[in-house]
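Novice: okay, predicted coordinates and the sequence, questions at the end:
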Amino acid sequence: MKKILIIEDDNAIAEEVSVLLGNSGYEAMRITDFNNVPEQMKASGADLILLDITLPGLNGEQLVQEFRKSCDTPVIMLTSRTSEIDEVLCMSYGADDYITKPYNPTILLLRISAVLKRTAKVTQQRSYRDIEVSTVSGTLTRGGSSEILTKNEMIIFQLLLDRQGEIVTRDDLMTALWDNDEFVNDNALSVNISRLRNKLASLGVPDAIETRKKQGYVLT
């Protein structure tokens, strides 16, 4: 589960974002003590940081600039400031994206997903049970047998693998596929899941993906 740190002094907004992230499969963390924020950012272990510009005694633009000197954790500025100058400064100081309030929840989740994908460190080899997973070549290998996954199938499988044992909803999967080159609708998602199941079955794991009706899918 990806961890997202929220640095926002408006408690109502921070709580709203925290609930949104929690309902979308992320682990939301908040900073409530605005002393030593840079140290808290580094120590959080977050996969992504949502950072307001105007904080008690702090300037978010300078904060992200200082943070970038030692850390490459992606940062999205979530702020009520709407001027182009603020956006340009934030991006030039090292922010990965800039979203203005009031925000659209769906757009915020899509931008978070896109930034996480774009900044993810490439892991060439992973494993599932005794299947070797190559995210670079898009292949699953077990013994002397291999299956080649399409781009969409690999995106789906990676999300299921990242959250193995947890329910991944159809909305989660659609969000992950949203900024892919191909348009993916609900029927296309079902087809991709079916094909992925068949490929896993051909490698000897027909029970890999469980369907939880009205909830989603679980990689067992």
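Specialist: That came through, no problem. Residues are numbered from 1 along each chain as shown.
Novice: drop to CA atoms for contacts and neighbour counts, all remaining ones
Specialist: Fine.
Novice: so Ser127, which of the three states?
Specialist: strand (DSSP: H, G, I helix; E, B strand; the rest coil).
Novice: and it, how many residues sit next to it?
Specialist: Counted by other CA atoms under 10 Å, the residues lying close to Ser127 total 13.
Novice: for it, give me its contacts.
Specialist: Val133 (CA atoms under 8 Å, 6 or more residues apart in numbering).
Novice: give the bridge partners for it, please.
Specialist: Glu132 (DSSP bridges).
Novice: quick one: it and Ser134, what's the gap?
Specialist: 8 Å (CA to CA, to the nearest Å).
Novice: and what of Leu189?
Specialist: Leu189 is 22 Å from Ser134, by CA to CA.
Novice: now for the residue nearest to Gly25 when sequence neighbours are not counted: which residues touch it?
Specialist: Nearest residue to Gly25 in three dimensions, chain neighbours excluded: Met1, at 6.9 Å (CA to CA, 6 or more residues apart in numbering). Contacts of Met1 were listed using CA under 8 Å, 6+ apart, and they are Gly25, Tyr26, Glu27, Asp162, Arg163.
Novice: now do the buried residues in stretch 153-173.
Specialist: Residues 153-157, 159-161, 163-164, 166-170, 172-173 are the ones in stretch 153-173 that count as buried (16 or more other CA atoms under 10 Å).
Novice: which stretches of this protein have low pLDDT?
Specialist: Applying pLDDT under 70 to the chain picks out residues 121-125, 178-184.
Novice: now with 50, please.
Specialist: 181 (pLDDT under 50).
Novice: what residues are up against the residue nearest the centre of it?
Specialist: The chain has Ser113 as the residue nearest its centroid, 4.1 Å off, counting by CA atoms, centre = their mean. Taking CA under 8 Å, 6+ apart, we find Ser113 in contact with Thr175, Ala176.
Novice: which SS class is it?
Specialist: Put simply, Ser113 is helix when judged by three-state DSSP.
Novice: can you tell me how far it sits from Thr175?
Specialist: 7 Å.
Novice: swap in Met154?
Specialist: Going from Met154 to Thr175 by CA to CA gives 14 Å.
Novice: again with Asn187
Specialist: 15 Å.
Novice: and the two? Which one has more around it.
Specialist: Counted by other CA under 10 Å, Asn187 and Thr175 do not tie: Thr175 has more neighbours, with 20 against 9.
Novice: the more buried one against Leu108, yeah?
Specialist: No - the criterion here is CA atoms under 8 Å, and Thr175 misses it with Leu108 at 10.9 Å.
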